[in-house]
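Peer 1: here is a sequence together with a model predicted from it:
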Amino acid sequence: MTEADLKDVMLIEEQIYPHPWSRKIFRDCLRTGYECRVYEAAEDILAYSVMSAAAGEAHLLNLGVHPQQQGKGLGRLVLQQVMQHAREKSADTLFLEVRISNHIARRLYEAEGFNEIGQRFGYYPAENGREDALVFARSLL
Ligand SMILES: CC(C)(COP(=O)(O)OP(=O)(O)OC[C@H]1O[C@@H](n2cnc3c(N)ncnc32)[C@H](O)[C@@H]1OP(=O)(O)O)[C@@H](O)C(=O)NCCC(=O)NCCS
């Protein structure tokens with residue numbers, strides 16, 4: 001992902017999340033040197049991921065698939081790529097947070113070997129206040 005991709009990334013982000021990241025958040029992730037990747041076909045961005053990795057731990061910060069491309073196996077493929085990139089960065093564990101109401105993402109993570117290890121109360125903004133996050137982790141060893 002480069003700054004030039006952010007227009008297209010934001011078009012997807014704003015369609016798939018009720019509380020999307022801002023362009024500034026993506027820009028900050030790029031400038032911080034996080035692993036920000038886009039997955040393209042014929043120069044169209046179909047999906048993207050943002051991961052940080054340091055001190056043996058990796059954190060999946062964002063995973064998005066274009067609304068018209070969801071349910072075709074792309075999310076699983078991107079998640080597997082993220083796990084591979086995390087291993088290449090010498091991480092032995094991949095962590096992520098997911099909204100408690102996001103059953104599709106939860107199913108994906110569970111199917112890919114993640115375990116629920118905790119809950120963060122009121123972690124996300126929500127329509128009527130705040131929503132809890134579930135914390136998932138998976139060994140990469
Ligand atoms: C969550 C997301 C990344 C999954 O990507 P995807 O390409 O749609 O998912 P895949 O086609 O790879 O499916 C992977 C698994 O997710 C689950 N899943 C996908 N679509 C589903 C649906 N409509 N209903 C229930 N489960 C579903 C299934 O477990 C599926 O595995 P299976 O096909 O073996 O049953 C994607 O839907 C998305 O971008 N959602 C909006 C943003 C988001 O919630 N990101 C995650 C934040 S933590």
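Peer 2: Here it is on my side, so go on.
Peer 1: tell me which element the residue of the chain found nearest the ligand is part of?
Peer 2: Proximity of the chain to the ligand (Cβ to the nearest ligand atom) peaks at Gly75, 1.9 Å away. Just so you know, the C-beta spots here come from the backbone N, C-alpha and C atoms, and that holds for glycine as well. When elements are assigned from DSSP states H and E, Gly75 belongs to helix 74-88.
Peer 1: kindly calculate the angle that the helix or strand just after that helix makes with helix 74-88.
Peer 2: Sequence order places strand 93-99 as the next helix or strand after helix 74-88, per DSSP H and E. With axes from the mean of the first three to the mean of the last three Cα atoms, to 10 degrees applied, the angle from strand 93-99 to helix 74-88 works out at 140 degrees.
Peer 1: and strand 93-99, what does it pack against?
Peer 2: strand 57-65, helix 74-88, helix 103-111, strand 115-126, strand 129-139 (3 or more Cβ pairs under 8 Å, 6 or more residues apart in numbering; DSSP states H and E).
Peer 1: which of those sits most buried?
Peer 2: Most buried of these by mean neighbour count (mean count of other Cβ atoms under 10 Å) is strand 57-65; its value is a mean of 21.
Peer 1: and that strand, how far out from the chain's middle?
Peer 2: Put simply, strand 57-65 sits 3 Å off its chain's centre (Cα atoms, centre = their mean, to the nearest Å).
Peer 1: any residue of it touching the ligand?
Peer 2: Yes. Using Cβ under 6 Å from any ligand atom, we find that strand 57-65 touches the ligand at Leu63, Gly64, Val65.
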